[in-house]
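Enquirer: the following comprises the amino acid sequence and a computationally predicted model.
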Amino acid sequence: MPPLRAVPSSAGRPCAEQADTDRAEAALVEHYARLVRIGYLVLPPSFGRNRRVLTAHWLAQRSLPRSRSAPPEAALPRPRHAAGAASAERGYAYLRLRVVRSALEAGQPLRRFARPRRVQLPPLLPQVWGLRLFPHSCGAEELALEQSLAEVSGPCRAAHVLRGLEGLADAEVCRVLDAAGVADPPAALLEADALTVSHALLASPEFDPCSLQARPTDLLRRRRRGRAVAAGLGALLVCGTLLLMPGDGLGPGSASAPPYSRNAAAEQALDPAALRRVPAGFWRSSARRDFTAWPTRGDRTDDTRLLGRALATWARPGRAVASSATPGTPVGPPMGPPQLLYAGEVDAAAVVLFHDGLRIVRYAEPRNADPAGGAALDFARVDGADPVTAGALLVQRRKGRIRYLTAPWVRGAAVRDLLAPHGAARPLRRDRHGVTAALTGPAASVGCHSWDTLEVREGTAVRLLTDLGELTPVRLTSGAPSAPHDVSGRSERESWARTACLLPAVRSRGVRSVNSWPYARQPLPEGEGAALWLCTRAETWRGTGSRVLAQFQAPPGLSGGAGAPGAVAALSEDSPDCGVRRPQVLAGVLWKSDGGRWYVLAAGSRQFASLSATGGVRARADGRLLAVRARAGDRARLDGLLADGSRVRALH
């Protein structure tokens, strides 16, 4: 950050040179939350959210003039509209300037041989012991703004805040920045012009230091420090008593209270001895078959140091921890002692799996290195799991190879390549804890030449599970939305062979299952065979964020081979189409025949009585299939009439 120039004391109160302390106090009370927000936004994000919250409150509280009435000072040239402004407004402008200047000074780097300014050090007051405070988290846009502000200078942040939050004109922003000691205000404005995020986000709860969340600090470290401090105080007290008391120095004992309050429930949640452990045969008699019935497995379930590190990292992950979470999954600490699913060594890592009723949490650390240097923490939402979706968990992903931990009711495991529908499944070995041998993950196949899935056998049922970049593998099914079933038979495997390479479109979205079913078969014009229309729907664990794809699969001879992926005719987000609530689907494509002629092809599910096209192509067809001549580049708007008389637009 460029250094701030020295500002004479007379330039410090450009808008409150005649405002007395009473009016400044009134302005502080009225606009306290806004002043704290300004300080929080201008302070450097490198401070961390907890320190920024406390420092922003400290800056606002010490922005009042120190004397009973502010002495007259050389004022900054006022904007035209401020000539007749009320003294209360001048008082607020004075406080705002004090907050901005102090926040800019706090962001200046400490110099080795220079005496630090008070604002560059953590505030003495306010202080909160045993808790970390931070504003409520919002969405991706607020996170993008936070990252953008972290990459620019302090004067740029101040200019952006004064523009967007305060609504000041550029000339007024320059006046305020100049009074705050900024060496080059126009340069700060030019830098702020490069920020493309919306000014409206500055008013988001993400940046409100007056509406806060509280989380505990590192409880295990606090406990150790508390014991050390208590022991030291006790030793000092005994030594002092022996020195000051007459005679032999013996007197009544005393106990000192810990320097912070303890939260028994939070500490119990981080105690390895309090972890819930399920015996090996419990799942046989359990009324539920989900993750709550999984037994505790692994060869390091009694390693309290490993379990303690995993729980402490879960509660308070450090900056070096690589953390990930599926969409819609909270990443906070456990609310109580979680269930221990697995603790053991897999390849070059020590892995621990927890279940807290809502989430699966995976902790992994290097086996032969410093745990703090390469630990990973992953969260996945699994509420509402059943025996099928609780059939396996990813325990390790390394260099394109993945290993699963299978449920105790899984009787056999194999590997099946989705892109080889006529090939046999390959047996997959499992150890005594249920961890599979490594298999190639789908992402490791360059160019989508293979797609290995996990095939599990539960009694007579055989199910396909695939990795889509998360802790829980995704179940693959076929059949109409009202009755999806496990993939079986030659035709369904051939259909999935041409669908598998489209699965990256739903990767890392918290997907629970993917169902793909053919809803129409259409003869192609000019006698070129028959095409298949499929609807592929990805359901998520959180219920929202589903994605629907309509596929057009031309005959293998016209599409580049038997395993050529289908063409995506339409894609929709959060649509009920192709689901249980609204099973109908309609989509269309612009198709070119071998003879070089173009056609608009459309197909609807069995609920459609007629189809029509408007826009670049106009046509109507009775039934649920439409094929009409078109020109290259034509765009048609499709809709259809259902058997009950309602009109439905095409999937989009």
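Expert: Perfect, thanks for sending it.
Enquirer: make it CA atoms for all contacts and neighbour counts henceforth
Expert: Will do.
Enquirer: the longest strand in this protein is where?
Expert: When the chain is parsed with DSSP state E, its longest strand is strand 511-523.
Enquirer: where exactly do the strands run in the stretch 501-650 of the chain?
Expert: Assignment of strands within the stretch 501-650 of the chain using DSSP state E, counting those that start in this stretch yields the ranges 511-523, 530-540, 547-553, 567-573, 586-592, 598-604, 608-615, 619-622, 625-630, 636-642, 647-649.
Enquirer: most tightly surrounded among these?
Expert: strand 547-553 (a mean of 26; mean count of other C-alpha atoms under 10 Å).
Enquirer: contacts for that one, please.
Expert: Applying C-alpha atoms under 8 Å, 6 or more residues apart in numbering, the contact partners of strand 547-553 are 498, 506, 531-539, 559, 565-575, 577-578, 587, 589, 651.
Enquirer: go again using 6 Å as the cut-off
Expert: Contacts to strand 547-553, defined as C-alpha atoms under 6 Å, 6 or more residues apart in numbering, come from residues 531-538, 566-573.
Enquirer: same check, this time on stretch 575-584
Expert: Outside stretch 575-584, the residues touching it (C-alpha under 6 Å, 6+ apart) are Pro481, Ser482, Val585, Ser605.
Enquirer: assign Gly384 to helix, strand or coil.
Expert: coil (DSSP: H, G, I helix; E, B strand; the rest coil).
Enquirer: ditto for Leu237
Expert: Leu237 carries the three-state label helix when classified by three-state DSSP.
Enquirer: per-residue confidence for it?
Expert: The score at Leu237 is 71. That number is its pLDDT.
Enquirer: flag the shaky bits of the stretch 51-200 of the chain, pLDDT-wise.
Expert: 66-88, 110-120, 124-125, 134, 138 (pLDDT under 70).
Enquirer: looking at the contacts of strand 547-553, which is nearest Ala420?
Expert: Closest approach to Ala420 among the contacts of strand 547-553 (C-alpha to C-alpha): Gly566, at 15.5 Å.
Enquirer: how many residues are close by the closest one?
Expert: Neighbourhood size, Gly566 [other C-alpha atoms under 10 Å]: 25.
Enquirer: setting the sequence-adjacent residues aside, check what's closest to it.
Expert: Using C-alpha to C-alpha, 6 or more residues apart in numbering and skipping residues adjacent in sequence, the residue nearest Gly566 is Gln553, 4.6 Å away.
Enquirer: beta-bridge partners for that neighbour, please?
Expert: Leu532 (DSSP bridges).
Enquirer: how near is it to Glu528?
Expert: Gln553 is 13 Å from Glu528, where distance means C-alpha to C-alpha, to the nearest Å.
Enquirer: and the residue nearest to Gly566, how close does it get to Ala158?
Expert: 56 Å.
Enquirer: do the same with Asp594
Expert: For Asp594 relative to Ala158 (C-alpha to C-alpha), the value is 63 Å.
Enquirer: cool, and Val568?
Expert: When Val568 is compared with Ala158 (using C-alpha to C-alpha), they lie 47 Å apart.
Enquirer: and the strands in the stretch 1-150 of the chain?
Expert: 131-135.
Enquirer: now Leu465. Its backbone dihedrals?
Expert: phi -130, psi 140 (degrees, to the nearest 10).
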